[in-house]
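Chemist: Okay, structure incoming, though there's no sequence with it:
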């Protein structure tokens, strides 16, 4: 009777299944040597990783320490005007709400200054405090009162605006800006310095239009210096072209 | 659960090996080394090759022990690693497989199964080791490990047909060898 292929396989499998052969001692020694080497390698890799991390942190620190920028102690005039103008908007709005409840009709007009020469008579320092209280009692911009608003309430207009009250003491024009201690001594001169364009127009929110913009935003989050470590062009047409490099010692900037 | 020493089960040893404890690794090695060397011997030409396969296999076991999730027996998991270690060794050292045409193995010798049953396991192991490397690998993987020809083809980088023909040739050679030994036995007995 011939043995078939499968029978031969089964015969070998069953015969060899329980076989055990003890290896030489050097096999285990070889295993431990290799495992120890792996352990040393892992330790070295982790040590190098930590060392590289520290070195990188130091390098980044040196590169990105912001240069000492001279801080102008005196705040620019325009920014002060902007702050005060924004606060007057809030103030006037609050006054308006209070007076609307009392249903007091008054012909209060906010209008831009037409003739600055007349203002000079109204702006002596002594009257500033009195006007301050008057302004707080004014009712303005109530729809039913049809206020004579000549131009939109923008920053420059409001800064130039006067509150006219015909119902009380006959003061024809009251400068809103007086209420803000904005112009202590020379209001007209100050106002004259205001630019013609709306100075407090809200800053246009920058949007990310290109890859260069994205890089610039990310870099700006890390590098607070004026000249970033690397700057990219932010036009839609270009690819991310490097327009400036600032490595502390070396500065390269492409003028726009 | 198998107990190796009064203190430790296999599972405890595995857990300690995952923590990279050298003593636990040694105990685990001692537990399985004998069986696994016997497995490697089937794939090797000699004991030296088999011990190389065993060493590489156990290094892989300890490197990958954290991947063992407990699906199936640990011994089976170790055994599969040893088989793959053997294949890797084979591919590194014996790149050319001997491919034979199946037509060449038409006349298979007649073997009496009753006679083969008396053969010692180490003698059978010797017969396998005498096979050409390609035949040996395919016979081991198919007959002893239970892989299909498709799987063997993928593991060895050969076609399914080549695997079949190598198995057929290996079986023929083994039967011839057994028949010779059978004849000697009869001769010796007679």
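Modeler: Thanks, I have the structure now. Predicted model only: the values in this text are computed from it and were never measured.
Chemist: for the lengthiest helix in chain B, which positions count as buried?
Modeler: Longest among the helix segments of chain B by residue count, using DSSP state H, is helix B:160-189. Using 16 or more other Cβ atoms under 10 Å in any protein chain shown as the burial criterion, the residues of helix B:160-189 that qualify are B:162-175, B:177-179, B:181-182. Quick note: C-beta positions are derived from backbone N, CA and C, even for glycine.
Chemist: isn't residue B:52 right next to residue B:89, touching?
Modeler: Yes - under the criterion of Cβ atoms under 8 Å, residue B:52 makes contact with residue B:89 at 6.4 Å.
Chemist: excluding its backbone neighbours, what's nearest residue B:135?
Modeler: Computed as Cβ to Cβ, 6 or more residues apart in numbering or on different chains, the closest residue to residue B:135 that is not its neighbour in sequence is residue B:170, at 3.8 Å.
Chemist: Equivalent analysis for residue B:45, please.
Modeler: The shortest distance from residue B:45 to any non-neighbouring residue, by Cβ to Cβ, 6+ apart, is to residue B:129 (6.0 Å).
Chemist: does the one you found belong to a helix or a strand, and which?
Modeler: helix B:121-130 (DSSP states H and E).
Chemist: Quick one: mean pLDDT over that helix.
Modeler: Along helix B:121-130, the predicted confidence averages to a pLDDT of 91.
Chemist: hmm, who's touching the helix or strand following it?
Modeler: Later in the chain than helix B:121-130, the nearest helix or strand by DSSP H and E is helix B:133-139. Residues from elsewhere that reach helix B:133-139, judged by Cβ atoms under 8 Å, 6 or more residues apart in numbering or on different chains: B:42-43, B:45, B:87, B:90, B:94, B:96-99, B:128-129, B:131, B:152, B:156, B:163, B:166-167, B:169-171, B:173-174.
Chemist: returning to that earlier point: determine the residues that are contacts of both of residue B:52 and residue B:89.
Modeler: With contacts defined as Cβ under 8 Å, 6+ apart, the residues shared by residue B:52 and residue B:89 are residue B:44.
Chemist: so what's the residue nearest to residue B:135 up against?
Modeler: Counting by Cβ under 8 Å, 6+ apart, residue B:170 makes contact with B:131, B:135, B:136, B:138, B:139.
Chemist: For the third one, grab the count of nearby residues.
Modeler: Per other Cβ atoms under 10 Å in any protein chain shown, the neighbour tally for residue B:136 reads 23.
Chemist: again, but for the second one
Modeler: When neighbours are counted by other Cβ under 10 Å, residue B:135 registers 24.
Chemist: What's the mean pLDDT across the host helix or strand of residue A:216?
Modeler: Take DSSP H and E as the rule and residue A:216 turns out to sit in helix A:211-222. Helix A:211-222 comes out with an average pLDDT of 83.
Chemist: and what of stretch B:142-151?
Modeler: The pLDDT scores in stretch B:142-151 average 94.
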